[in-house]
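Chemist: This is a predicted model, with the sequence first.
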Amino acid sequence: MHSESEGVEKPLSFRKFLERSTSLLTVFGIFNALIIFSTSISTKTISSGLSVCFLILSILVWFEISWNAFNQLNVSEGIRLSTLIKYLAFIFFAFMIEFFFILFLIKNHTTFVIMFGYLVAYMTLTLLVCLVVFKLIRSRLEAVSENKMILISFGVILASMGYTYAMLKLAAPLYFPVLVELIKEMAEKYHLNL
């Protein structure tokens, strides 16, 4: 006879969770260390760019670790209170690490963070517009040939490029001074007369 508990998934102990998540935790630590290291680079624009990129990668790893921890909290069999507290504390303090890195980058690299946030928001909006256009086209034209789909895709890409140009024109006051600063830093570094 089968017992009732055979089909029920048991939560991992916090120790086993940490053992299974060792690779993710190591990558999380490495990306956070790279954030700190990249702030010591003398070229401010490159330092800002690397810091933001490493932060985004670190946040992605944090999401994966947190998702795994939340999955342990959602198992069907009950979880001990002490284990629950450990999981919640782990998720909270990992979040606080990312939160303070975000504050640090905003304080030290404000222009770049604003520019990067604008770029991410713009890319997301462009992707959503393209998805909506494709969905509308697909729903209206059930039997669209492959050649027509390629032409439609090309048209959406061209429209997106026009939209990109307009957005970059609007955002020029944000990114143009940063580009000028980067060019000046590189010219000084390599002793170029501009």
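Modeler: Happy to help now that I have it. Numbers count the residues shown, from 1 in each chain.

Chemist: And the protein, split by domain according to the record?
Modeler: 11-108, 110-194 (automatic domain parsing).

Chemist: Which of those has the lowest mean pLDDT?
Modeler: Lowest mean pLDDT within those: domain 110-194, a mean of 68.

Chemist: pretty sure residue 86 contacts residue 12?
Modeler: No. Using CB atoms under 8 Å, residue 86 is not in contact with residue 12, being 11.0 Å away. Glycine gets a C-beta too; all of them are placed from N, C-alpha and C.

Chemist: Tell me which of these two has more neighbours.
Modeler: residue 12 (20 against 17; other CB atoms under 10 Å).

Chemist: And the more buried one, how close does it get to residue 72?
Modeler: 5 Å (CB to CB, to the nearest Å).

Chemist: Repeat that for residue 25.
Modeler: 15 Å.

Chemist: Compare the two and say which one has the larger neighbour count.
Modeler: Comparing residue 25 with residue 72 by other CB under 10 Å, the one with more neighbours is residue 72, at 20 against 16.

Chemist: Distance of that one relative to residue 61?
Modeler: 17 Å.

Chemist: Could you report the neighbour count for residue 43?
Modeler: Counted with other CB under 10 Å, residues neighbouring residue 43 total 15.

Chemist: can you map out the helices along this structure?
Modeler: Using DSSP state H, the helices assigned to the chain run over residues 14-20, 22-38, 44-73, 81-108, 110-140, 146-189.

Chemist: Buried ones in the third one, by neighbour count?
Modeler: Looking back up the chat, that one is helix 44-73. For helix 44-73, the neighbour count (16 or more other CB atoms under 10 Å) marks 44-45, 47-52, 54-55, 57-59, 61-62, 65-66, 69, 72 as buried.
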